[in-house]
Every structure is written in C-alpha cells, then in structure tokens.
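Trainee: here is my input, please return the structure:
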Amino acid sequence: MDPSSSKNKLKSTFRPIKTHRPLYTGGKVDVSPDGRFLATTRGEEVIVTDLESGQEWGRTKSDTEDITTLCLIPTKTLPTLAIFSRSNTLRLYPLPTAALPSSSPFFTPSRVTPKAHDAPVLLSLPDTSSSFLASGSADGVVKVWDIRRGYVTHVFRGHGGPVSALAWRTQGGALELVTGSADAQIRIWDLKATAAGAAGVGKAGPKPRAVLQGHVSVVRGLAVTSDGKTLLSAGRDRVVLVWDLEPAPTSKKGSSAPKLRKTIPTLDVLEGVGFTDDKAEQLWTAGEGGLRIWDLESEEVVRDLGGKALVSDEEEEAEGGVLDVLRTATSLIAVHADQTLSFHCLFDPSSPPRQIIGYADEIIDTIFLSPALVALATNSPSIPLLTRSGLPFADRILTGHTETVLALSGSPEKNLLLSGSKDRSVRLWRGPSWRCVALGTGHAEAVGAVVLARRSGAFAVSASQDKTVKVWDLSSALSVNEDDEPVAIRSLVTQKIHDKDINALDLSPNDRLLASASQDKTAKIFEVAVEGGQAALKLVGTLKGHRRGVWSVRFSSHERVVATGSGDRSIKIWSLNDFSCLKTFEGHTNSILRVDFLSAGQQLVSAASDGLVKLWDIRSEECRATLDGHEDKVWALAVSPDDNSVVSGGADSLLTFWEDRTDDEQREKLEKKEEDIMREQDFLNFVQLKDYKSAILLALKMDQPRRLLTLFMTVHSERDPSPSNTSITGHPAVDLVLKGLSSRQLRTLMTHVRTWNASARTAALAQRVLHALLKLQSAEDIRRAFESAKRDEDAEREGPLGEEGKDRVTGEFVPHTLEGDGSAQKRRKGEDVGLRDIVDALVPYTERHFARADRTVMESFVVDYILDEMDGLFGGEVMDVDL
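Mentor: Numbers count the residues shown, from 1 in each chain. Presented below is the predicted three-dimensional model:
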C-alpha cells in the first residue's frame with residue numbers, strides 16, 4: 001500500500017499488539033547456567049523468562065509477602081526455582097517443559113516449607129551438584145538443606161550480623177560452605193566434619209573450620225576457584241582480598257589455616273566479586289564503580305563494562321552502580337540499581353551489551369526515531385531505545401545525562417535525537433550508532449521541553465523551568481564524527497516567554513513558527529528567524545481560552561492550525577491566520593497531557609491523566625475510539641512516521657504499542673454483512689419449503705424478533721384444525737423445536753415473548769408461544785437454562801478481563817480498546833436480562849389481557865340478554881309488512 005494513501009485514510013480503531021510491563025522491580029535475580037532462563041523478582045512474585053524467545057515461561061503465585069531471595073537450581077532437565085518470602089517460607093518450583101499459557105501462568109510448587117528460618121532469608125545458593133541448598137538469614141544463621149529429601153542437614157551459627165555472602169567449595173571428597181556477614185568476618189564450614197561430630201557439638205553448635213578476618217566492613221561477595229585453592233572476598237571497605245585456602249604447611253601436622261595472599265584496592269564500594277572463567281586469571285568486581293574486569297596478577301583493570309554510579313549536582317552521594325553480577329558460560333549479567341540488566345559477552349569485547357529494562361518507573365516521554373525504533377524518557381538519566389519485536393531487550397541505552405531525562409524530540413529523516421534533562425543540559429544524539437555529538441548547557445533550571453527543527457535539523461529550541469527558551473545552533477554538531485567527543489553548541493538567543501512553567505514546545509513543518517504551552521493557561525506562537533549565526537523570536541499570537549494550564553501543543557503538518565491540550569480536560573484547535581479557536585473537543589475526565597495529529601491532519605490522538613488515549617475526527621468532532629491502555633497518567637504519546645502505529649507510556653510503567661486495525665475492522669464488517677445476507681436467504685428458503693424447525697432456529701440465531709413473530713403467525717394460520725392434531729403449537733415440528741431449545745435460544749425466545757406480550761396486537765401470539773413453552777419444558781428446566789445462558793454470555797462477553805480491565809487470573813491490567821460511543825456498554829446492559837425480569841414483565845401485561853378478555857365475555861352476556869329480551873317483547877311473532 002502507498003504510504004501516502006495510508007496516511008490520508010481515516011482510522012477507526014487501534015488494537016494493542018505489544019505491552020512492555022515491569023519485569024524486575026528490585027531484589028534478587030538469577031539465571032540458569034546455560035543462560036536460557038532468567039528469574040527476576042517483581043514485588044510478591046517471581047517471573048521466569050525464556051531469554052531465547054523473549055517470552056514469559058511462567059510465574060509464581062503471590063502469597064501476599066515480598067520475595068526476599070531466590071535461586072535457580074540446575075537439574076538434568078530444566079532447573080528448579082527456589083524462593084524465600086518475607087513469611088520465611090521456602091518453596092520449590094520445578095520449571096515445566098513448556099511455557100505456561102496466559103490462562104494459567106502459575107508454577108505449581110513441589111514442596112512448601114513454612115518457617116524455614118526464624119528471620120528473613122537474605123541469600124540462598126545451591127552447590128555445584130544441586131544436592132544441597134544453603135540459605136542465610138538476617139539473624140546470622142545459615143542452614144543447609146537436602147534438596148531432594150527436603151530437610152535441614154546443618155545449622156551454622158556464629159555470625160554477629162546478617163549473612164551477606166555465600167560460596168561453596170569442593171575439594172576432593174570434602175564439601176565446604178564459605179559464609180560472609182555484616183560482622184566483616186568470613187567463616188568456612190566443613191559439612192562432613194560438622195555432620196560427623198554433630199552429636200558432640202553441644203548447644204553452641206558446629207564450629208567453623210576457619211574464621212578469616214581482613215575486612216573492616218560488611219562482606220558483600222565471595223568466590224572460590226574451581227580447584228578450591230583460592231578464595232576472593234569483597235566488601236564495602238573498597239578492597240578485594242585474595243585468600244590462599246591451601247597454603248604450605250607450617251608445622252609437622254601437615255595442615256595450615258587459610259592465609260591472605262594479597263589485597264587489591266578498588267577505591268569503590270563493592271557489592272560483588274567473582275572469577276570470569278575457570279582459569280582464575282581474571283576477576284570481576286561490581287559496585288559503585290560499575291562492572292570492571294581485573295587482571296589478578298597485575299591488579300589492574302583490563303576492561304571497564306560501565307554502570308558507574310552517578311553524582312548529581314543536588315546529591316553529594318553517588319546514586320546507582322551495579323548491585324550484583326550473574327555469570328553464565330558466555331556472559332556476565334550486571335544487575336544495575338535502576339533495575340536494568342546488562343548482558344556482557346566475555347569473549348567479544350567489541351560486542352555491545354544486550355540490555356533489559358526491568359522497571360521503567362514513570363515513562364515521561366517517547367518518540368519514534370523510525371517506524372520500528374522508539375526512544376523513551378523514563379525516571380532515569382539514561383534513554384532506552386527499543387523495538388517492539390526486540391522486547392524485553394532494548395536495542396541500546398544511551399547514557400550521558402547525570403539526572404532524569406524529561407523531554408525528547410527527534411527527526412527520523414535525519415537520524416537525530418534531542419534530549420533535555422534535570423541536569424539543565426540538552427544533548428544531541430545521531431544515528432545509526434546514536435552517540436552523543438553535541439552538548440548544550442546554560443539553563444538555570446531543569447529542561448522540561450525540547451524541539452528539533454523538522455526540515456533542516458540545523459537548530460533546536462529548549463525550554464526550562466526558569467521560564468526561558470534557548471535557540472541552539474546545531475550546524476557545528478552535524479559534522480562531528482561519531483568517534484569524536486561531543487561538541488559544545490552555542491545558544492543563539494535566550495528569552496523569557498511565559499510567566500509560569502513551560503510544558504511543551506513545537507516547531508511548524510517549515511521551521512518558521514514556534515509554539516509554546518505553559519501553566520499560565522496560554523499557548524503562544526512566535527516567528528523564528530535563524531540565519532548567519534543569529535536568531536530572533538517574535539511573538540505573533542497568544543492563544544487564550546483554556547481555564548487551566550496547557551500541557552501540550554502541536555502543529556498540523558497539512559493545515560494552518562495548531563492543537564492544544566489542557567488541564568481543563570479539553571482540546572482546542574486554533575487557526576494560525578487570526579489565532580481564533582476553531583473547535584473544542586471534550587471527553588476526557590482528567591487533564592490532557594499529550595495531543596498529536598494523524599491521518600494527514602484529519603484526526604487527533606490525545607492522552608490524559610485518566611489513563612485513556614482517544615482518537616478524534618476533527619471534521620465531525622466525534623471520538624472514534626478510546627484506547628484503555630494504562631492505569632495511571634499517560635505522560636507519553638507518539639505517532640509513527642507512517643501513521644500506522646501509536647505508542648503510549650504512563651506513570652504505571654506500562655509501554656503499549658497500538659496498531660491501526662481499521663482495514664481489519666472493515667473486513668470483519670463486510671464478512672458479517674455477507675453472512676447476514678446468506679442467512680436471510682436461507683431463512684426465506686426454509687419458510688418457502690415449510691421447514692419451520694430450521695427457520696425458527698435460524699431466526700433465533702440471527703436475533704430477529706420480527707421475522708420470528710411472522711413465522712409463528714404463519715404456523716398458527718396453517719395449523720391443522722382436525723381433532724387428530726394434538727400439537728400444542730399446531731405443528732409437530734415446532735413443538736419439537738421448542739422442546740429442544742438450548743439455554744441461549746430459550747432465553748432469547750423468552751425475551752422476545754416478553755416484548756410481544758406488551759402489545760395488544762401480538763399478545764395473543766405471545767400467550768400461545770408462552771403456553772407451549774410451559775407445557776413442553778418444566779419451570780426448573782427454564783430456570784437452569786437462564787442461569788447457564790448468563791454464565792456463558794458473561795464469559796464470552798468479558799473474556800479474560802474482569803473489572804477495570806484486569807486479567808481474571810493474574811490480576812494484571814490488560815490494555816484494550818473501547819468503542820467511542822459507548823455502544824458496547826449499552827449493548828451489555830440490554831443483555832443482562834434475568835428470568836425474574838422477564839416474569840415481572842409478563843405478569844402485569846398478562847393480567848391486563850385476561851382482564852380485558854373477562855370484560856369482553858361479560859359484555860357479551862349483556863348483549864345476549866338484550867337480544868333475548870327483544871325476542872320476548874314481540875312474543876316470538878313477526879308481523880308481515882307489505883311494501
């Protein structure tokens with residue numbers, strides 16, 4: 001299809017085709033050794049994702065308590081998920097061989113152990129053979145569980161604070177557990193020795209084989225080499241300690257305690273440590289300094305994988321960093337403080353990391369950089385770029401800002417992206433690598449709105465909370481090489497244009513007009529002149545009429561009009577000729593935060609604080625469709641360059657992709673119309689052939705009460721009056737049909753009988769049909785049929801969605817489309833008819849009809865009496881009269 005014809009065509013509906021929802025909200029993360037399955041904590045449940053397909057494999061059912069820790073236990077087939085919740089309950093879930101369907105997504109636990117600890121469990125770790133599971137709690141107690149049998153084999157006490165690190169060591173036939181704690185000590189426990197001497201241990205419990213003291217702060221990471229000879233420990237004291245677990249004997253007894261081999265200062269608070277491979281030549285550290293790989297021998301950083309904590313201008317302490325690292329056979333997975341997961345390839349340093357946005361928090365702004373690529377501004381200094389097909393992985397994440405990014409603007413034709421942030425700067429990014437090529441500073445407050453010149457891309461405009469706008473010269477940035485450092489761009493003009501915060505900016509398609517929207521209830525139009533390294537802004541019009549702050553402003557690309565959305569819940573279309581208001585659209589129940597044009601300027605799409613996205617026809621001023629895709633404010637809204645897709649993001653952290661389904665809807669209507677025509681022809685054929693059984697069933701299926709009424713009248717008029725005809729309705733086939741009606745058919749017919757009974761012209765027929773139904777079916781059968789029909793219709797009408805658009809099984813909100821005129825709600829109200837409603841409607845009209853019949857009979861007696869008296873008056877003789 002020609003893209004231009006697609007743009008000019010009016011849209012009537014959009015359907016949600018992909019929704020990106022939170023995958024990881026904080027807490028523990030684990031991955032299977034082969035890197036296929038990822039287990040992430042999301043509040044009170046655990047989500048397991050198949051990383052090969054990107055699909056959810058299943059989830060645990062919430063027990064109303066937060067998850068404190070989890071781990072994946074390798075098995076011969078698929079791993080087993082072990083989780084501990086705030087209720088101190090241990091649950092084991094064997095992963096199924098296939099992904100669970102959305103109708104039943106919950107794993108089934110194979111074992112549930114209540115009160116596994118007396119305090120919240122902070123860590124859990126299986127040994128390499130998957131025979132034992134170690135768990136450490138906040139009271140300093142460590143327990144070892146037999147995974148297959150489900151009982152505790154060892155209980156280790158002795159730490160003076162919460163358990164903060166665990167590691168297993170296998171040496172020959174011995175199995176040892178290494179534990180670290182907030183008391184800055186490391187203890188090594190010999191499982192075989194403690195089990196053998198358990199009877200003589202006494203109340204104090206088993207004694208550790210060794211206690212290592214070297215840290216002065218909480219121990220956050222432990223790692224043992226595959227040969228069991230070297231131990232790494234890392235803590236928040238900014239050092240990595242390398243321990244020799246089998247030093248040369250110093251006495252004739254032939255044994256010696258572990259010794260500290262070396263200390264590696266990292267100068268950063270550490271949250272984890274480990275070896276990159278079995279050779280133990282390199283190690284990784286994770287913490288405030290990000291994820292770094294060190295050479296164990298030279299003690300130098302050989303590879304910096306990023307993720308360093310950022311220090312903002314307002315905060316003295318660094319925020320962010322890497323909280324944990326998971327290792328697979330081919331990669332390191334960094335768990336960042338902003339709930340981002342980064343997958344770094346160990347064998348190809350030049351390969352960019354794959355990244356998952358675990359939790360986007362509030363999605364503040366979004367923009368299409370191509371028909372497939374979308375940029376997001378979330379409550380984060382980074383800018384994720386993602387595609388619908390690539391979810392849950394992001395295409396890449398742009399870093400450079402030091403505080404939250406608030407606004408985005410872009411030019412798909414020129415591969416440019418402009419961002420504004422709370423760090424009071426603007427940055428220009430250029431594709432296809434999307435590296436930062438320019439940086440602009442100078443605003444006194446956060447930059448809340450930006451716009452890039454659509455046609456030339458040679459300049460940009462930014463607005464700040466200091467109520468000023470700046471025009472930036474981008475000519476020098478367009479020639480920067482991607483490998484060069486970002487250049488500083490120059491502000492051509494700085495001008496105060498509003499009395500309150502500026503919420504939005506937009507440039508006209510020819511780059512000559514600038515529109516601004518502000519909390520001062522106005523939008524303003526300026527002439528923009530950029531030439532010869534100079535710029536000027538001239539106010540040409542002020543758009544007044546909104547009763548509250550204006551949140552959004554947008555130029556039409558085909559007409560000389562501009563649209564604004566306001567906190568007064570209205571959208572206004574303004575003329576650029578005389579700046580008068582041409583049209584006003586109302587329908588949202590809360591502040592309108594975003595507006596945009598589509599269908600060659602013939603339609604509008606709007607997003608509001610009521611969680612809805614609405615599609616409007618400008619000519620008819622009607623709402624064509626309502627897209628219910630969010631539970632909270634919809635801050636972000638963007639239309640794709642080809643007009644076929646819309647993406648919306650909100651404060652509920654949901655990102656919903658909507659696709660134009662107008663052609664599909666029209667095709668469905670055409671198919672339904674053709675089907676109705678065929679049914680009508682079949683109905684006429686059945687009547688012509690006197691196949692009343694098929695005709696009645698088809699009329700009930702088409703739900704056409706008029707045809708059904710005519711059919712029953714025909715049957716009654718053609719009935720056989722002979723005494724041998726014992727049919728209740730006058731036709732044996734019709735009796736058979738009424739006796740064998742399904743629950744839905746019976747309910748439909750009773751509803752029509754109620755309608756017919758309300759009219760004196762059709763009441764007699766209604767009574768005949770009702771009489772036949774009561775004769776052919778018992779009252780109990782009719783009651784059960786109504787109950788069954790209501791259950792079936794409710795399930796079919798509502799589908800998997802319950803109240804407020806939430807999934808009946810998982811309780812998650814599911815984006816869906818509502819009809820613009822509310823006809824679905826009206827139709828639903830008409831279908832909610834129960835047996836009591838029908839009986840209550842039948843009784844008064846039936847009583848009225850019988851009362852009328854009684855009066856008619858009594859009046860007939862009076863007529864008979866008068867006629868008899870008249871016969872008596874003339875004595876029974878008739879006088880002949882000659883004429």
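Trainee: which residues of the stretch 601-750 of the chain score low on pLDDT?
Mentor: Judged against pLDDT under 70, the stretch 601-750 of the chain has no low-scoring part.
Trainee: so which residues of it form helices?
Mentor: 662-688, 692-702, 705-717, 732-739, 743-757 (DSSP state H, counting those that start in this stretch).
Trainee: right, and Arg624 touches Ser606 too?
Mentor: No: judged on Cβ atoms under 8 Å, Arg624 makes no contact with Ser606 at a distance of 11.8 Å. Quick note: C-beta positions are derived from backbone N, CA and C, even for glycine.
Trainee: so what's in contact with those two at the same time?
Mentor: Residues touching both Arg624 and Ser606 by Cβ atoms under 8 Å, 6 or more residues apart in numbering: Trp616.
Trainee: which of those two has more neighbours?
Mentor: Taking other Cβ atoms under 10 Å, Arg624 and Ser606 do not tie; Ser606 has more neighbours (26 against 21).
Trainee: ok, what's across the strand from that one?
Mentor: Beta bridges link Ser606 to Val595, Lys614 when assigned by DSSP bridges.
Trainee: which SS state does Lys790 fall under?
Mentor: helix (DSSP: H, G, I helix; E, B strand; the rest coil).
Trainee: count the neighbours of the closest residue to it other than its chain neighbours for me.
Mentor: Excluding the flanking residues, the one nearest Lys790 by Cβ to Cβ, 6 or more residues apart in numbering is Gly834, at 7.0 Å. If you count neighbours by other Cβ under 10 Å, Gly834 ends up with 13.
Trainee: cool, and Arg547?
Mentor: 10.
Trainee: nearest to Val48, of the helices of the stretch 601-750 of the chain?
Mentor: Val48 sits nearest to helix 662-688 of all the helices of the stretch 601-750 of the chain, at 33.3 Å, using Cβ to Cβ.
Trainee: ok, and for the closest one, which residues are buried?
Mentor: Within helix 662-688, the residues scored as buried using 16 or more other Cβ atoms under 10 Å are 662, 683, 686-687.
Trainee: returning to what we had before: with distance to Asp127 as extra columns, can I get the helices of the stretch 601-750 of the chain in CSV?
Mentor: As requested, these are exported to CSV (distance: least, Cβ to Cβ, whole Å):
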stretch, distance to Asp127
helix 662-688, 54
helix 692-702, 64
helix 705-717, 73
helix 732-739, 70
helix 743-757, 59
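Trainee: how about the helices of this structure, start to end?
Mentor: In the chain, the helices defined using DSSP state H lie at 3-8, 191-196, 662-688, 692-702, 705-717, 732-739, 743-757, 763-776, 779-798, 823-831, 835-873.
Trainee: TSV for the ones you listed, including distance to Lys806?
Mentor: As requested, the helices of the chain are arranged in TSV below (distance: least, Cβ to Cβ, whole Å):
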stretch	distance to Lys806
helix 3-8	34
helix 191-196	48
helix 662-688	25
helix 692-702	32
helix 705-717	36
helix 732-739	41
helix 743-757	27
helix 763-776	39
helix 779-798	11
helix 823-831	17
helix 835-873	28
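Trainee: burial measure for Pro74, as a count.
Mentor: 15.
Trainee: and if you look at Ile293?
Mentor: Ile293: 18 surrounding residues under other Cβ under 10 Å.
Trainee: so it touches Glu281, yeah?
Mentor: No: counting by Cβ under 8 Å, Glu281 is not a contact partner of Ile293; they are 10.5 Å apart.
Trainee: rewinding a little: out of the helices of the chain, nearest to Lys521?
Mentor: helix 3-8 (33.0 Å).
Trainee: rounded mean pLDDT for that closest one, please.
Mentor: Averaged over helix 3-8, pLDDT sits at 59.
Trainee: on that earlier part again, the helices of the chain: which one's closest to Asn503?
Mentor: Here helix 3-8 is closest among the helices of the chain (Cβ to Cβ), at 27.6 Å.
Trainee: buried residues in stretch 807-814?
Mentor: 807, 810, 813-814.
Trainee: ends of it, what's the gap?
Mentor: Stretch 807-814 has an end-to-end distance of 6 Å (Cα to Cα, to the nearest Å).
Trainee: show me what counts as buried in stretch 646-656.
Mentor: Buried residues in stretch 646-656, counted by 16+ other Cβ under 10 Å: 646-656.
Trainee: identify, from those residues, the entry nearest to Phe156.
Mentor: Checking those against Phe156 with Cβ to Cβ, the nearest one is Ser653 at 40.3 Å.
Trainee: which residues does that closest one contact?
Mentor: Contacts of Ser653 by Cβ under 8 Å, 6+ apart are 21-22, 359-363.
Trainee: how about stretch 381-392: buried residues?
Mentor: 381-388, 391-392.
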